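Q: Have a look at this fold, sequence not included:
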Ligand SMILES: O=C(O)CCC(=O)C(=O)O
Ligand SMILES: [Fe+2]
């Protein structure tokens, strides 16, 4: 039986019944055990075509940044030598559009604010409820990676990330990761492991995802990167970001760095 919900025209309801508690429990188990959950063909075919066209239309408005960062996304630490892995600077580059640039009425906006979707994600990540960012920029972002652009190795600051891949490049754009590669709660930074990874003597796992896939990823302790795009078709990825409490804005410094503006 297909139930009528506010998401029926957006997601692939033949495969995914977000009202089914057993399904949410299964997803939670998967995320807890593997650190990642992928739901292939989460978007239905019509939605995917629409969202790619919409994202392509908005691409010229994207704010492009080249940034250097360490894998921990922390500032230079003068307690360590400049060639220590904690101070090793990596380059990331991508374009981004923010929530206020998403066309109004977009299915991205509808999905993001759907109470059914929020309740499902909350159950899977183990939060009582989820709230949008207070600032007008940070809740929904669309990332573009053109030829040669990449997101270098890092651990996330946030507890979990929700992404929707809209378009894969011809080559590259591969999501690579190593689960539980540090323990930030215990302040165990795994300098040796990170050093080995950066000198290519450790091989990461690869997360395959096709356009239309919803990914939930716990990246605080699992190092990850997206390899450089090859070819002239951009990698396009949506990030849906929530907070576990209302009224939280992304920090001003992060907004300046990622979006080039505060509002
Ligand atoms: O582009 C992706 O698939 C992952 C993005 C990511 O790791 C991040 O935004 O922190
Ligand atoms: Fe990340």
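A: Perfect, thanks for sending it. Computed from a prediction, not measured in an experiment: that's the story for all the values here. Residues are numbered from 1 along each chain as shown. Ligands and ions are numbered 1, 2, ... in the order given.

Q: Which stretches in the chain count as strands?
A: The residue ranges that make up the strands of the chain, judged by DSSP state E, are 36-39, 63-69, 90-97, 140-145, 151-154, 161-167, 171-172, 175-178, 205-207, 214-217, 223-226, 229-230, 235-240.

Q: tell me which parts of the stretch 101-250 of the chain are close to ligand 2?
A: Within reach of ligand 2 by CB under 5 Å from the ion, the stretch 101-250 of the chain has these residues: 156, 219. All C-beta atoms are positioned from the backbone trio N, CA, C, and that covers glycine.

Q: same thing but 8 Å
A: Contact residues, the stretch 101-250 of the chain versus ligand 2 (CB under 8 Å from the ion): 151, 154-156, 161, 217, 219, 224.

Q: Compare those residues and tell me which has the most neighbours.
A: Going through these with other CB atoms under 10 Å as the criterion, the one with the most neighbours is residue 224, at 25 neighbours.

Q: What are the phi and psi values at the residue of the stretch 1-150 of the chain found nearest ligand 2?
A: Nearest residue of the stretch 1-150 of the chain to ligand 2: residue 73, at 9.0 Å (CB to the ion). When read as degrees, to the nearest 10, the backbone of residue 73 gives phi 60, psi 40.

Q: Let me see the contact set for it.
A: When the contact criterion is CB atoms under 8 Å, 6 or more residues apart in numbering, the partners of residue 73 are 154-157.

Q: What are the boundaries of the helices in the stretch 101-250 of the chain?
A: The residue ranges that make up the helices of the stretch 101-250 of the chain, judged by DSSP state H, counting those that start in this stretch, are 107-113, 115-125, 191-198.

Q: Pull the distance from the last one to the chain's centre.
A: What separates the centre of helix 191-198 from the centre of its chain is 23 Å, taken as CA atoms, centre = their mean, to the nearest Å.

Q: Quick one: list the elements packing against that helix.
A: Under the contact criterion of 3 or more CB pairs under 8 Å, 6 or more residues apart in numbering; DSSP states H and E, helix 191-198 touches strand 151-154.

Q: hmm, back to that, possible to save the helices of the stretch 101-250 of the chain as TSV with mean neighbour count and mean pLDDT?
A: As requested, the helices of the stretch 101-250 of the chain are exported to TSV (neighbours: other CB atoms under 10 Å; pLDDT from 0 to 100):
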stretch	mean neighbour count	mean pLDDT
helix 107-113	19	97
helix 115-125	18	97
helix 191-198	16	98
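
Q: closest to residue 243 out of those?
A: helix 115-125 (11.3 Å; CB to CB).

Q: Just list what that closest one packs against, helices and strands only.
A: Other helices and strands packing on helix 115-125, by 3+ CB pairs under 8 Å, 6+ apart, are helix 21-34, strand 214-217.

Q: If anything else comes up later, I'll come back, but that's it for now.
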